Structures are given as C-alpha cells and as structure tokens.
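1. no FASTA, just this:
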Ligand SMILES: [Zn+2]
C-alpha cells in the first residue's frame, strides 16, 4: 500500500492535524510572538477549523501562517520573504506535462499512483545531478514488493 493512501492525503482536517503534529511537536507555536503551548483553540461557526488565539499576544494564527501555504495566488502572490512556491510549481509542471503528453488520462482512483511515479522522477532528476544510470539503479533498488497488476500470484484467473 502506498503511503499516499493515508487519511491526511484525502481529508482536509486530517491533513491539518498531520501538519500541526509535524510543525508543532511541542504544541501550537504562535508565529507572531513565538509563545509555545497553551493557546486557545477557536471553535464554532465563526471560526475555520485549526484557528488559534495566542495566550500571550492575543493574535490569531493557524499552522499555515508564515508558510508557503499562506501565499495568496489570487492576488498574484507567489513569494514572500524566503517563502516561495517555485519548487512545488516545478513539480506540478512536470506532473501536468506527463499527464497531458504521456498518459493523456488517469482515473482519480489511481491519481496517487501517478504521483508516486512523478515523485520518483522529480527526486531523481538531472537538476539534482542524478543521471540515467543512477536513476536506473535507484528505480531497481525500489522494485521489491511492487507489481504491475492487481492480481496476486496466488489468486486464480477469472
Ligand atoms: Zn503570540
């Protein structure tokens, strides 16, 4: 099973909780004043999920404040300070070209499998000085437990 089947890749709330656990291992950290820990979780219809109020400076924040997720593309904002979307846009550019130029179509049910392939391509690209020979070795190193069909060897043909 691919790790892309994990709930945090398919559910907005699970994704936010996953990011919070990674970004805030010691509890919510206010990006405005740096205070960590016992902040107030704002709840109810007036607040979006994951909104916090700092116990010290009283400002509101979420796990995405001060990150690349905060950039507003509808206002033409793609970089702020040292936060940029260039890398993820490069990745999706390669993915979109592959979808249009190679596969032409993929069912949503299999989308995570295509992402796994393009993750490999992106992480083993020439810009990282990984050329064909090393890319082949890296691909072969990961073939264990992978099959091209859904049917398992012990299953009878229908
Ligand atoms: Zn604060």
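-> Noted; the coordinates are in hand. These numbers were taken from a predicted model, which means no experiment stands behind them.
2. What segments of the chain are strands?
-> 40-41, 52-53, 60-61, 79-80, 83-84 (DSSP state E).
3. So for residue 133, which of these sits nearest?
-> Relative to residue 133, the nearest member of the strands of the chain by C-beta to C-beta is strand 83-84, separated by 31.7 Å. C-beta: built from backbone N, CA, C; applies to glycine.
4. Sheet partners, orientation included, of the closest one?
-> strand 79-80 (antiparallel) (DSSP bridges).
5. Identify the residues contacting the partner strand?
-> By C-beta atoms under 8 Å, 6 or more residues apart in numbering, the surrounding residues in contact with strand 79-80 are 70, 71, 85, 86.
6. pLDDT score for the last one?
-> Turning to residue 86, the model gives it a pLDDT of 78.
7. Quick check: nearest residue in space to residue 68, chain neighbours excluded?
-> The shortest distance from residue 68 to any non-neighbouring residue, by C-beta to C-beta, 6 or more residues apart in numbering, is to residue 83 (5.2 Å).
8. Could you check how far that neighbour is from residue 61?
-> According to C-beta to C-beta, to the nearest Å, residue 83 stands 15 Å off from residue 61.
9. So this structure: which segments form each domain?
-> If you go by automatic domain parsing, the domain ranges for the chain are 3-83, 86-141.
10. more neighbours, residue 83 and residue 61?
-> More crowded of residue 83 and residue 61, by other C-beta atoms under 10 Å: residue 61, with 20 against 14.
11. Look up how far residue 23 lies from the more buried one.
-> According to C-beta to C-beta, residue 61 and residue 23 sit 11 Å apart.
12. Which stretches in this structure count as helices?
-> 12-23, 86-98, 111-123, 132-141 (DSSP state H).
13. how about residue 139, what does it touch?
-> Contacts for residue 139 (C-beta under 8 Å, 6+ apart) come out as 120, 124.
14. so what's it scoring on pLDDT?
-> You'll see residue 139 listed with a pLDDT of 93.
15. Which helix or strand in this protein has the lowest average pLDDT?
-> When the helices and strands of the chain are compared on mean pLDDT, DSSP states H and E, strand 83-84 comes out lowest with a mean of 74.
16. Compute the distance from the centre of it to the centre of its chain.
-> 15 Å (C-alpha atoms, centre = their mean, to the nearest Å).
17. Would you mind pulling the contact partners of it?
-> 66, 67, 68, 70, 71, 78.
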